[in-house]
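Student: Kindly generate the corresponding structure for this input.
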Amino acid sequence: MSISSRIAFLKEKLPDQVKLVAVSKFHPAEKLREAYEAGIRIFGENRVQELVAKRKLLPDDIEWHFIGPLQKNKVKDIAPFIHTIQSVDSLGLLQEIDKQAARQARVIHVLMEIHIAMEESKHGFTPEECTEILAKKDLLSAYRNIRIDGLMGMATFTTNREQIRKEFHSLYNLFKELKSTCFKDSGYFTELSMGMTGDYEIALSEGSTMLRIGSYIFGEQSD
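Tutor: Here you go, the predicted model:
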C-alpha cells in the first residue's frame, strides 16, 4: 500500500475535527513530499537538525510540529518557523520558547506534555505539576509570545489495551478540568494530542483531537 493510499484510508476514519500529524522523523524528504501531495500539511519531527534540514527542501505552507524532547539551547534554531512544540515538559523550556519567539516577533503554539505512562523513560509534567503552573495566571500572562493550546501525552507501550485506555482517559479528564478552570475564558486550549499508530483508535474514543501517526504512513521506525 502506498503512502497516499494509507493517508486516504486514515482520513476516511477520522472525524473532521481531528488533526493528523504525520510523524516523519528518520524518513527522507521524498517520502514527506509524497505525503504532502496526498494532502498532509502537518508534519512532526523530534530532532532539531533533521527538522531544519527537511524544512529547506519542502513547501513553505507546511505546519511543522516538534514532538520530541527539546533542549533549551536548541529552541533558537526552530523559533523562526516552528508552529507548535508539543513536548513542553518544564517551566524552563516554556520560558525559553517565549523568549526566542519574542526575538522573532512571533507566537509559538505549545502543548504541555503530561507523563501518563508506566515508563520512566517517557517525559512530561505530572498532572499536579501542570495544574499548579497553569493556575498561576500572573506567571502565564507574562508570556506574550506563546499560546498554550492544550495537552500531549504518550501511553505505555504495552499490549494491554485497558491500560492504554485508562491512561488516555486520565489525560482527557485532566484536559477537561484545565479547560473548565484555567482556560474557561479563553477561546483556545482546544487540543488534546494523544494516539499513535498502535493505539490511535483508543485515543480517538477517549477524546483525542490530534493524532501523531508515523509508521502506518511511512513504514517502521518512525513513531
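Student: alpha carbons only for contacts and neighbour counts from here, please
Tutor: Fine.
Student: And the lowest-mean-pLDDT helix or strand in the chain, what's buried?
Tutor: Sorted by mean pLDDT, DSSP states H and E, the helices and strands of the chain end with helix 137-141, the least confident at a mean of 79. Taking 16 or more other C-alpha atoms under 10 Å as the basis for neighbour counts, the residues of helix 137-141 that come out buried are residue 140.
Student: I figured residue 197 was touching residue 214, is that so?
Tutor: Yes - with contact defined as C-alpha atoms under 8 Å, residue 197 and residue 214 form a contacting pair (6.5 Å).
Student: so what's residue 212 up against?
Tutor: Residue 212 makes contact with 20, 21, 22, 23, 44, 193, 194, 195, 196, 197, 223, according to C-alpha atoms under 8 Å, 6 or more residues apart in numbering.
Student: try residue 86
Tutor: Applying C-alpha under 8 Å, 6+ apart, we find residue 86 in contact with 65, 66, 67, 68, 110, 111, 112, 113, 151, 152.
Student: 10 Å instead?
Tutor: 44, 46, 65-70, 109-113, 148-153, 193 (C-alpha atoms under 10 Å, 6 or more residues apart in numbering).
Student: Residue 22 in helix, strand or coil?
Tutor: Using DSSP: H, G, I helix; E, B strand; the rest coil, the structure places residue 22 in strand.
Student: Which residue, other than its chain neighbours, is closest to it?
Tutor: residue 43 (4.7 Å; C-alpha to C-alpha, 6 or more residues apart in numbering).
Student: still on that earlier bit, which one's more surrounded, residue 197 and residue 214?
Tutor: Neighbours were counted for residue 197 and for residue 214 using other C-alpha atoms under 10 Å; residue 214 has more, 23 against 16.
Student: pretty sure that one is touching residue 46, no?
Tutor: No - with contact defined as C-alpha atoms under 10 Å, residue 214 does not reach residue 46; the gap is 11.8 Å.
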